[in-house]
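the sequence and its predicted three-dimensional model are supplied below.
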Amino acid sequence: MLPPSNLIDMPGCMLPTSVYLSRTIPSGPSPARLRASSTSSLDIVPLDHRAAGVAAAAADRFQPIARLKPAPYEAHPLADIRFYLEASRDGLLLLSVQYNELCICNPATRQHAPLHHLHGFSPLEMYPHHLLLHRQGEIQPAMHVFTIGSGQPPRLLPNQVDDCARHLFNGSISWCRNRLLFQGSIYWCTDSGVVVFNTTTEAFRRIHAPVARREAKLFETGDMLGIYFYHIEKAAVDIWVMRGYQSEVWDFKCRVELPLVQIWQQCQCLPDGELVMVVPGDNGELLVLIRWDDWLLQIDIDGKLIASFQPRGINFTPYLLKQTLVQHTFFPTLEGYVVNALPFISPDGYVGNSVC
């Protein structure tokens, strides 16, 4: 569903930043008819964590904007085929089908295109018109850059044996997805500090971090870089911000202690697979979002539970989505490019504009 017309006229055609959530809709046999395949559709459901008023209704905060359904594999027509989110940047979503075939879409303009030349590569991050990739199965910590719309395969970075890259991979790339694109560089937390990749010079470096743990997360607030670490055993989130860009001087901002009594009274359950995010709120304040079993909780920096939701069937993902109506010029250059057509579908399974 395209945004209301009053939002289309916003400066720069940019809509408010939201936390990206998703909902997978399996398409098994139904009483009405048997579907030809068992592919599952994916709902894109941003959470507006800045919705006006603490008591804003869930319907005002959770606004589905698109539904996508992958095509079935011809060789395995009964396989459960699904989309998975790999990255979110500038209103674009990078998706994979079964973590294999990659594609890119803009849910606001309903543009979609597969990305060829990328079979066997895993995405590490998306930045303007580029993807940073790792080839599956490579022993050396090599990285590749793919230029979207160039028609060329990914190119190997010359500093493939860089010491920083070794620290980044350390035998596994699964956790490398906890990254942040900030001021033209990509940042990762590692056990030896923060690894930085400059997207202009394509060089790596390592900077000091207040907490050297790969489980730490980075965030952006205004023009400052921040880092936070969730102490599971203490039920608390420690937050630091860098004093100045590239200064490598970190100031401890606060410790947010989770209001366990309030949470228990609201949820009546123990945590199960917590996922924590620190995001900017209104007036420069920070908010903590946490998944608690099937609940989504919003906590201010004073440790007060200010909102709670139980969006059943919705997956909480650590990505932000800033919708844009800007027409990206690379889309028409991609083979298989479509607008308002499959894989975009409407709730009843037919191609259309309305999703809810």
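That came through fine.

CA-only coordinates of the helix or strand encompassing residue 226 in CSV, if you can.
If you go by DSSP states H and E, residue 226 is part of strand 224-231. Extracted C-alpha coordinates of strand 224-231, given in CSV (Å, rounded to 0.1, in the frame of the first residue of the first chain):
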residue,chain,number,x,y,z
MET,A,224,27.1,10.7,17.0
LEU,A,225,28.1,7.1,17.0
GLY,A,226,26.9,5.0,20.0
ILE,A,227,27.5,1.5,21.3
TYR,A,228,25.5,-0.5,23.7
PHE,A,229,25.8,-3.9,25.5
TYR,A,230,23.1,-5.9,27.0
HIS,A,231,24.0,-7.7,30.3
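
what residues of that strand count as buried?
224, 225, 226, 227, 228, 229, 230 (16 or more other Cβ atoms under 10 Å). From N, CA and C alone the C-beta is placed, and that goes for glycine too.

so what's the third one scoring on pLDDT?
Looking at residue 226, its pLDDT is 94.

can you report how many residues lie near the nearest residue in space to residue 197 that is not next to it in sequence?
Of all residues not flanking residue 197 in the chain, residue 186 sits nearest, at 4.4 Å (Cβ to Cβ, 6 or more residues apart in numbering). Using other Cβ atoms under 10 Å, residue 186 has 22 other residues around it.

what angle do the host helix or strand of residue 186 and strand 224-231 make?
Assigned by DSSP H and E, residue 186 belongs to strand 185-190. Put simply, strand 185-190 runs at 20 degrees to strand 224-231, going by axes from the mean of the first three to the mean of the last three Cα atoms, to 10 degrees.

sheet partners, orientation included, of strand 185-190?
Strand 185-190 has the following sheet partners, assigned by DSSP bridges: strand 179-182 (antiparallel), strand 193-198 (antiparallel).

picking up where we left off before, let me know the closest of the buried residues of strand 224-231 to residue 122.
Set against residue 122, the nearest of the buried residues of strand 224-231 by Cβ to Cβ is residue 227 (24.4 Å).

separation between the closest one and residue 304?
Using Cβ to Cβ, to the nearest Å, residue 227 is found at 23 Å from residue 304.

any idea how far residue 110 lies from residue 88?
Counting by Cβ to Cβ - residue 110 and residue 88 are separated by 16 Å.

what does residue 244 give?
Using Cβ to Cβ, residue 244 is found at 27 Å from residue 88.

of the two, who's got more company?
Just comparing residue 244 and residue 88: by other Cβ under 10 Å the higher neighbour count belongs to residue 88, 21 against 10.

for the more buried one, which non-adjacent residue is spatially closest?
residue 319 (4.1 Å).

tell me which element that neighbour is part of?
strand 315-324.

that strand: what's the following helix or strand?
strand 338-339.

quick check: neighbours of that following strand in the sheet, parallel or antiparallel?
Strand 338-339 has these strand partners (DSSP bridges): strand 111-114 (antiparallel).

so how far is stretch 252-260 from its chain's centroid?
Here the centre of stretch 252-260 is set off from its chain's centre by 24 Å, with Cα atoms, centre = their mean, to the nearest Å.

again, but for stretch 283-299
16 Å.

got the contact list for it?
For stretch 283-299, the surrounding residues in contact (Cβ atoms under 8 Å, 6 or more residues apart in numbering) are 19, 47, 49, 221-222, 226, 237, 239, 253, 256, 258-259, 263, 266-267, 269-281, 300-301, 305-312, 314, 316.

the residue nearest to residue 197 against residue 194, yeah?
No. Residue 186 is beyond contact range of residue 194, at 10.5 Å (criterion: Cβ atoms under 8 Å).

low-confidence regions, the stretch 251-356 of the chain specifically.
272-274, 347-356 (pLDDT under 70).

swap in 80 and give it another go.
Scanning the stretch 251-356 of the chain for pLDDT under 80 picks out 270-274, 281-284, 311-318, 346-356.
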